[in-house]
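Colleague: task: produce atomic coordinates for the following.
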Amino acid sequence: MSERRRLINLAYRMLGSLADAEDVVQETYARWYALPRREREAIVSPGGWLTTVASRICLNLLGSARVRRERYVGEWIPEPLPASREWTDAAADLAADPADRITLDESVSMAFLVVLEAMTPAERVAFVLHDVFRYPFAEVAAIVGRTPAACRQLATSARRRIRAAQAPATPTSAQAGVVREFRRAWEAKDLRSLMGVLDPEATVIADGGGLVGALLHPLTGRERIAAAYLDSDRFAPGITLLECSVNGLPGLVARQDGVTVTVFAFRIAEGLITHIWAVRNPEKLRPWTEGRPSGGDARK
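Modeller: Now for the predicted structure:
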């Protein structure tokens with residue numbers, strides 16, 4: 001069970017969903033314990049066996065996910081995560097175990113996960129295994145079912161996608177300042193200030209999953225975005241905004257009557273917000289309701 005944290009971290013990066021990652025790990029352990037005891041004892045590296053099985057399950061799920069998401073209502077956004085200190089695994093018997101928490105670093109930022117979503121399943125698995133978890137290409141090849149040379153090419157292609165989508169590095173403290181300005185301008189209904197923190201070509205993508213109201217298509221342009229947010233009280237009155245960590249970077253949580261209804265992740269470049277990802281699908285907000293964020297500056 002000491003491998004559980006690594007497996008959860010691995011599966012979340014591959015799938016962009018904590019719920020799916022937990023299912024993958026559960027299935028992996030089910031297959032381990034289904035082995036005859038003699039076979040389990042003969043496995044030289046149980047951790048390697050578990051990683052191989054979990055990765056293959058993820059690879060299969062990524063293939064079927066593309067079909068499922070064609071039927072998804074609106075845009076699909078990866079499941080957002082609070083800071084590790086702010087949530088725990090939903091399973092009651094493991095709720096207090098820090099080994100079950102996702103390690104938050106740049107490889108789980110929302111912008112990074114969105115780029116991973118654009119990759120082929122083989123690209124994503126090869127890249128995550130090699131570049132994030134440092135598995136040699138020989139081992140990656142055995143998992144993906146390609147040659148080591150082919151896996152090297154997959155990882156190279158994935159790196160190109162990552163580099164093309166990367167924003168210039170911005171210190172976390174500076175990003176937090178931009179998010180705070182956005183929140184204050186939104187709360188004050190200050191159109192000029194709100195537009196001042198948005199890139200002219202900023203984009204908002206929302207994910208309601210057909211379960212709650214949300215934009216069905218991306219909204220682009222700071223004028224349209226600012227106007228939409230200033231008009232949001234008509235559709236969601238009584239919202240309280242909380243600054244907190246979302247996938248390891250500054251973000252916002254919107255609560256209504258004490259319930260988390262939206263989690264906002266941001267991509268910030270050169271002091272301006274270029275992308276806002278607004279997750280409203282309640283099925284993706286489970287970590288925010290079962291382990292509620294505790295920090296930040298909350299204001300009406």
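
Colleague: what are the contacting residues of stretch 179-192?
Modeller: Residues outside stretch 179-192 that contact it (CB atoms under 8 Å, 6 or more residues apart in numbering): 193-194, 196-198, 226-227, 229-230, 241, 243, 250-252, 266, 268, 273, 297, 299-300. The way it works is simple: take the backbone N, C-alpha and C, and place the C-beta from them, glycine included.

Colleague: pLDDT score for the spatially most distant residue from the centre of the chain?
Modeller: No residue in the chain sits farther from the centre than residue 38, which is 38.9 Å out by CA atoms, centre = their mean. Confidence at residue 38, expressed as pLDDT, is 95.

Colleague: assign it to helix, strand or coil.
Modeller: Put simply, residue 38 is helix when judged by DSSP: H, G, I helix; E, B strand; the rest coil.

Colleague: among the contacts of stretch 179-192, which lie within strands?
Modeller: 198, 241, 243, 250, 251, 252, 266, 268, 273, 299 (DSSP state E).

Colleague: and the buried ones among the residues you listed, selectable in PyMOL?
Modeller: Buried members of the ones in strands among the contacts of stretch 179-192, defined by 16 or more other CB atoms under 10 Å, are picked up in PyMOL with:
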select buried, resi 198+241+243+250+251+252+266+268+273
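
Colleague: now flag whichever of the ones in strands among the contacts of stretch 179-192 is closest to residue 176.
Modeller: residue 250 (4.0 Å; CB to CB).

Colleague: now the residue farthest from the centre of the chain: how far from residue 131?
Modeller: 37 Å (CB to CB, to the nearest Å).

Colleague: ramachandran angles for residue 147?
Modeller: With angles defined as degrees, to the nearest 10, residue 147 sits at phi -80, psi 160.

Colleague: excluding chain neighbours, what is closest to it?
Modeller: Leaving aside its sequence neighbours, residue 147 sits nearest to residue 141 (CB to CB, 6 or more residues apart in numbering; 5.8 Å).

Colleague: got the phi/psi numbers for that neighbour?
Modeller: With angles defined as degrees, to the nearest 10, residue 141 shows backbone torsions of phi -60, psi -40.

Colleague: what of residue 153?
Modeller: phi -70, psi -40.

Colleague: run a quick neighbour tally on it.
Modeller: When neighbours are counted by other CB atoms under 10 Å, residue 153 registers 15.

Colleague: now name the helix or strand holding the nearest residue to residue 121 once chain neighbours are set aside.
Modeller: Excluding the flanking residues, the one nearest residue 121 by CB to CB, 6+ apart is residue 62, at 3.6 Å. Assigned by DSSP states H and E, residue 62 belongs to helix 46-70.

Colleague: can you mark which positions in that helix are buried?
Modeller: Those would be 49-59, 61-62, 65, for helix 46-70 by 16+ other CB under 10 Å.
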